[in-house]
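*Asks:* only geometry, no sequence info:
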């Protein structure tokens, strides 16, 4: 398999994390989104949406969207619940992540890293939305160790992988995670896994 | 089952469409988002995110997020592909819908209906994003009858249901669909189904 990737991307990190958990090997193809390497005609012929991560299978077929890729990888593993209700709850949290969480927290982090000169004015609205998402997570984690109950593995599922990716670097987007003791404890619990990798790691 | 719903919502319509396809009956609980009925303490005790649609099963368990709900309903039916790759491609389009399509097209429609006095200035950026999403769909449909190949039913899958919901009312958000012959043909193809319902229908 080939993974088209940008190393600082939390969305790409989800895929690298799952690959590490599952012991899968792959060719890592780094693209620099800041230099526009995902917006070239060449890459858009590979993924018309012009986004990483993109997974290419050995037969050439491709899957885009980080949460769709990790969903593809996880079937039949301890990270995907066995019953339909728990699977749907995983999806509920993954859609929450892409709709409420990532567009606020990942975008705030991007602006802090690369675009403070042009986009700083967007931050107040993004911070408000991002804190609202973190509030929802904090309330859930006050009652639960993980986002979805799972009857295998240590309890973590794809929902935790999806939400960990940008939550653990929310501080880089200006979010104060010390307000959130339950999220902080969950981040520590999540990182305590024998196959854990950092966002900057590329195991192959 | 109970469906907490707001009739004009495209996200809720996805669930009503799948219920109709599958011949499922349910209690319909209408909430008016314009009157703030999803933001009350009472409803937030039911769904902390304060959003419709929300599906409540007969045992009281609940699923939020439109695409997670229809995913829950569809397993083992002709609207969900049988193999893992095609399932992941469905999810790819459903995450595209919630990340690239709905936040532009559904929000433009909302502003046109309810918030032109306060939010008209958001429209140019939303239109640009919405047309970019429609361009991606048009290109895909130039080569394909449906969004994901499916080996059962008439070819449509959950991906088509998810994308139909707000695309067919994109005109209400100011989008000119006459620019898109392939999308227009797909909309007609989609509506040609014996169990099709309109967005204003509540079959029970």
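*Replies:* All right, it came through fine. Being a predicted model, the structure only gives us computed values, none of them experimental.
*Asks:* okay, CA-based contacts and neighbour counts for the rest of this
*Replies:* OK.
*Asks:* Mind listing residues that contact the longest helix along chain A?
*Replies:* With residue count as the measure and DSSP state H as the assignment, chain A has helix A:123-141 as its longest helix. Contacts to helix A:123-141, defined as Cα atoms under 8 Å, 6 or more residues apart in numbering or on different chains, come from residues A:100-101, A:104-105, A:107-108, A:147, A:174-175, A:180-183, A:186, B:48-49.
*Asks:* from the chain's centre, how far out does it sit?
*Replies:* Average the C-alpha atoms of helix A:123-141, do the same for its chain, and the two points are 16 Å apart (Cα atoms, centre = their mean, to the nearest Å).
*Asks:* hmm, back to that, list just the nearest of the contacts of helix A:123-141 to residue B:8.
*Replies:* Proximity of those to residue B:8 (Cα to Cα) peaks at residue B:49, which lies at 19.2 Å.
*Asks:* In which helix or strand does that closest one reside?
*Replies:* In the assignment (DSSP states H and E), residue B:49 maps to no helix and no strand.
*Asks:* for it, what are its contacts?
*Replies:* When contacts are counted by Cα under 8 Å, 6+ apart, residue B:49 is found next to residue A:136.
*Asks:* Where do the helices of chain A begin and end?
*Replies:* Taking DSSP H as the criterion, chain A carries its helices at A:10-22, A:41-46, A:66-74, A:84-96, A:102-110, A:116-119, A:123-141, A:158-167, A:181-191.
*Asks:* Flag every buried residue along the fourth one.
*Replies:* Of the residues in helix A:84-96, those scored as buried under the neighbour-count criterion (16 or more other Cα atoms under 10 Å in any protein chain shown) are A:85, A:86, A:87, A:88, A:89, A:90, A:91, A:92, A:93, A:94, A:95, A:96.
*Asks:* now those in CSV, with pLDDT and distance to chain B?
*Replies:* As requested, the buried residues of helix A:84-96 are exported to CSV (pLDDT from 0 to 100; distance: Cα to the nearest Cα, whole Å):
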residue, pLDDT, distance to chain B
A:85, 96, 7
A:86, 96, 9
A:87, 96, 8
A:88, 97, 5
A:89, 97, 6
A:90, 97, 8
A:91, 98, 5
A:92, 98, 5
A:93, 98, 8
A:94, 98, 9
A:95, 98, 7
A:96, 98, 7
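*Asks:* Can you tell me which of the contacts of helix A:123-141 has the most neighbours?
*Replies:* Taking other Cα atoms under 10 Å in any protein chain shown as the neighbour criterion, residue A:105 ranks highest of the contacts of helix A:123-141 with 30 neighbours.
*Asks:* Tell me if I'm right that it and residue A:165 touch.
*Replies:* No - in this structure residue A:105 lies outside contact range of residue A:165 using Cα atoms under 8 Å: 10.6 Å.
*Asks:* Stretch A:9-19 near chain B at all?
*Replies:* No - judged by Cα under 8 Å from any Cα of the partner chain, stretch A:9-19 and chain B are separated, with a smallest distance of 12.5 Å.
*Asks:* can you give me the offset of that stretch from its chain's centre?
*Replies:* Stretch A:9-19 has its C-alpha centroid displaced from the chain centroid by 6 Å (Cα atoms, centre = their mean).
*Asks:* What average pLDDT does it get?
*Replies:* Mean pLDDT, computed over stretch A:9-19, is 97.
*Asks:* what does it rub up against?
*Replies:* A:5-7, A:25, A:52-53, A:66-67, A:69-70, A:73-74, A:106, A:161-162, A:165-166, A:196-197, A:199, A:202-203.
*Asks:* Of those, just the buried ones, PyMOL syntax please.
*Replies:* A single PyMOL command selects the buried members of the contacts of stretch A:9-19 (16+ other Cα under 10 Å):
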select buried, chain A and resi 5+6+7+52+53+66+67+69+70+73+74+106+161+162+165+166+197+199+202+203
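*Asks:* So which residues on chain A come close to chain B?
*Replies:* A:48-49, A:63-65, A:67-69, A:71-72, A:84-85, A:87-89, A:91-92, A:95-96, A:98-99, A:136.
*Asks:* coming back round to it: make CSV from the buried residues of helix A:84-96 and add distance to residue A:120 to it.
*Replies:* As requested, those are arranged in CSV below (distance: Cα to Cα, whole Å):
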residue, distance to residue A:120
A:85, 41
A:86, 39
A:87, 38
A:88, 37
A:89, 35
A:90, 33
A:91, 32
A:92, 31
A:93, 29
A:94, 28
A:95, 27
A:96, 25
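*Asks:* Looking at the record's assignment, how would you partition chain A?
*Replies:* A:2-74, A:84-191 (automatic domain parsing).
*Asks:* what pLDDT does residue A:203 get?
*Replies:* As predicted, residue A:203 sits at a pLDDT of 64.
*Asks:* ugh, wrong one, residue A:153
*Replies:* Note on residue A:153: pLDDT of 80.
*Asks:* Contact partners for it?
*Replies:* With Cα under 8 Å, 6+ apart, residue A:153 has these contacts: A:78, A:79.
*Asks:* count of neighbours near residue A:122?
*Replies:* By the criterion of other Cα under 10 Å, residue A:122 has 14 neighbours.
*Asks:* Likewise for residue A:2?
*Replies:* Using other Cα under 10 Å, residue A:2 has 16 other residues around it.
*Asks:* quick one: the closest residue to it other than its chain neighbours from chain B, how far?
*Replies:* The shortest distance from residue A:2 to any residue that is not its chain neighbour, by Cα to Cα, 6 or more residues apart in numbering or on different chains, is 4.6 Å, and that residue is residue A:27. Computed as Cα to the nearest Cα, to the nearest Å, the residue A:27 to chain B distance reads 19 Å.
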